[in-house]
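> Next input, structure requested:
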Amino acid sequence: MKVVLILGTNLGNRLDNLKRAEELIEKFVGRILRKTEIIETAPFGVVNQPSFLNYGLLIDTYHPPSELLKLLKWIEKRVGRYKTFRWGPRVVDIDIIKYENLFINTKSLKIPHPGLQHRAFFVKIYKCLSI
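Sure thing, here's the model as predicted:
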């Protein structure tokens, strides 16, 4: 299944955080088919924090959405993410933007990602990786 992910980081060595997350995605989640350039973005929601580095990946995975979410949360922790607060600073964040043509709306998972409506860089990245 083709899946669009967006990765972001604004703490620590941001480039290393993204590289480590990408390596773990490739090893445990699925094959990376395409990736976008890395862009620097202003924080969303809570603006008094460092800017983010973001980019997108188009991957091919066999994991169903709920299992994929668990794997991505595990990867975030492996890279060094710890709990802060909503829209707060983070070592890494991995969002599932689109999963083939599925629509999911549960408490723990919403696909397509609701951020598509509110963040211009999500739209830009998504268009580069459209499936």
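
> Counting neighbours, what do you get for residue 7?
27 (other C-beta atoms under 10 Å). All C-beta atoms are positioned from the backbone trio N, CA, C, and that covers glycine.

> for the one 3 residues further on, same thing?
Burial of residue 10 is recorded as 21 neighbouring residues (other C-beta under 10 Å).

> which stretches of the protein aren't confidently modelled?
The chain contains residues with pLDDT under 70 at 115-123, 126, 131.

> mind running it again at 50?
Within the chain, no range satisfies pLDDT under 50.

> Residue 79 and residue 19, how far apart?
9 Å (C-beta to C-beta, to the nearest Å).

> Compare those two and say which is more crowded by neighbours.
residue 79 (24 against 12).

> for the more buried one, what are its contacts?
17, 20, 21, 24, 91, 92 (C-beta atoms under 8 Å, 6 or more residues apart in numbering).

> roughly how far apart are the residue lying closest to it once chain neighbours are set aside and residue 77?
Nearest non-adjacent residue to residue 79, counting by C-beta to C-beta, 6 or more residues apart in numbering: residue 92, 4.5 Å away. Using C-beta to C-beta, residue 92 is found at 9 Å from residue 77.

> Neighbours of residue 90, how many?
If you count neighbours by other C-beta under 10 Å, residue 90 ends up with 21.

> shouldn't it be in contact with residue 14?
No: in this structure residue 90 lies outside contact range of residue 14 using C-beta atoms under 8 Å: 10.5 Å.

> does residue 16 belong to a helix or a strand, and which?
helix 14-28 (DSSP states H and E).
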